[in-house]
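Student: Turn this into a model:
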Amino acid sequence: MKKLMDKIMLTCKQATFFSSMKSFQKLKFVHRIQLKLHFMACKSCHEFDHQSQIIDKSMVDFYQNTNLKSEECLSKEKFSQIKSVVNQHIK
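Tutor: Numbers count the residues shown, from 1 in each chain. Alright, predicted model coming up:
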């Protein structure tokens, strides 16, 4: 039974990782369920998720309401390079 629970329940570290990642990509069904179960048991991670959503929304609002010069934004190539490095580190 303990092994089954270890596979189902996420650690707080895993939960915050998936909470952050869901802003950038759709999570697998299993991870979404695990995250919901973890949030039901861990109010701290649930609060982290809520605060992350507020920060993400604030950043989108800021970006949409700010006239950034093109040189202040990442090029598509640089963005792809950063994304590749991040993806290598999370595997």
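
Student: only C-alpha atoms for contact and neighbour calcs from this point on.
Tutor: Noted.

Student: ok, the residue nearest the centre of the chain - contacts?
Tutor: By CA atoms, centre = their mean, the mean C-alpha position of the chain lies nearest to S20, the distance being 1.6 Å. Contacts for S20 (CA atoms under 8 Å, 6 or more residues apart in numbering) come out as 49, 52.

Student: repeat for Q34
Tutor: The neighbourhood of Q34, defined by CA under 8 Å, 6+ apart, consists of 8-10.

Student: Quick one: classify Q25 as helix, strand or coil.
Tutor: coil (DSSP: H, G, I helix; E, B strand; the rest coil).

Student: Model confidence for the nearest residue to H46 once chain neighbours are set aside, exactly?
Tutor: Leaving out its chain neighbours, the residue that sits closest to H46 by CA to CA, 6 or more residues apart in numbering is F39, at 4.8 Å. With respect to pLDDT, F39 scores 96.

Student: Tell me how many other residues crowd F39.
Tutor: 19 (other CA atoms under 10 Å).

Student: Quick check: phi and psi on it?
Tutor: Dihedral angles of F39 (phi, psi; degrees, to the nearest 10) stand at phi -60, psi -30.

Student: Fine, thanks again, bye for now.
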